[in-house]
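**Q** Provided below for reference: sequence and predicted model.
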Amino acid sequence: MRRLFCYISFFVTLSLFMSCKPGVPSGIISPGKMEDVLYDYHLSQAAADNGGNQEKISYDRHLYFYALLKKYDLTEAQFDKSMEYYERHSELMRDIYNGINKRLQADAGKSAQENESGKYAHLTANGDTAIVWRGSNTFLLSK
């Protein structure tokens, strides 16, 4: 009888450990959704940084951030709490950013293919200057 009790308690304990899967706590954005949010976040912040004076850049960064929160139906507190959680769990954050990196590389590959065969295929670049003029390269001005 005692041996039967030991076996039963062992299997109950084992089943409890097996049923407790590691996951994110409630109130934390899931890793898959967090990857989507951070992907869009970094793209929007990079877009905001393109051009304008420092005041406009700051305004655009805030504007795009709040548009991102609205897109994913999040509050700023949820985003901040989730970021704190993932910063403490660096292995999850690493996996998220590995996924983001793969997506960015895939997007860069698509852009390169589109540019090679698209409407901008005729453009050339020399250093930091792109030649976009389609007309004649030289003109003779005379009186």
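**A** In hand now; what should we look at?
**Q** Where does H42 fall, secondary structure wise?
**A** helix 31-48 (DSSP states H and E).
**Q** Tell me the buried residues in that helix?
**A** For helix 31-48, burial by neighbour count (16 or more other CB atoms under 10 Å) applies to P31, M34, E35, D36, V37, L38, Y39, D40, Y41, L43, S44, A48. (C-beta placed from N, C-alpha, C; glycine too.)
**Q** helices or strands up against it?
**A** Helices and strands touching helix 31-48, by 3 or more CB pairs under 8 Å, 6 or more residues apart in numbering; DSSP states H and E, are helix 54-71, helix 76-88, helix 90-117.
**Q** got the buried residues for the first one?
**A** Of the residues in helix 54-71, those scored as buried under the neighbour-count criterion (16+ other CB under 10 Å) are D60, Y64, F65, L68, L69.
**Q** now, which of those residues sits nearest I100?
**A** Nearest to I100 among these, counting by CB to CB, is L68 at 14.2 Å.
**Q** and the closest one, what is it in contact with?
**A** V37, D40, Y41, S44 (CB atoms under 8 Å, 6 or more residues apart in numbering).
**Q** Would you quantify the distance from the third one to G23?
**A** Applying CB to CB, to the nearest Å, the value for Y41 to G23 is 23 Å.
**Q** that older thread, can you pick out the most distant pair from the buried residues of helix 31-48?
**A** P31 and A48 (25.5 Å).
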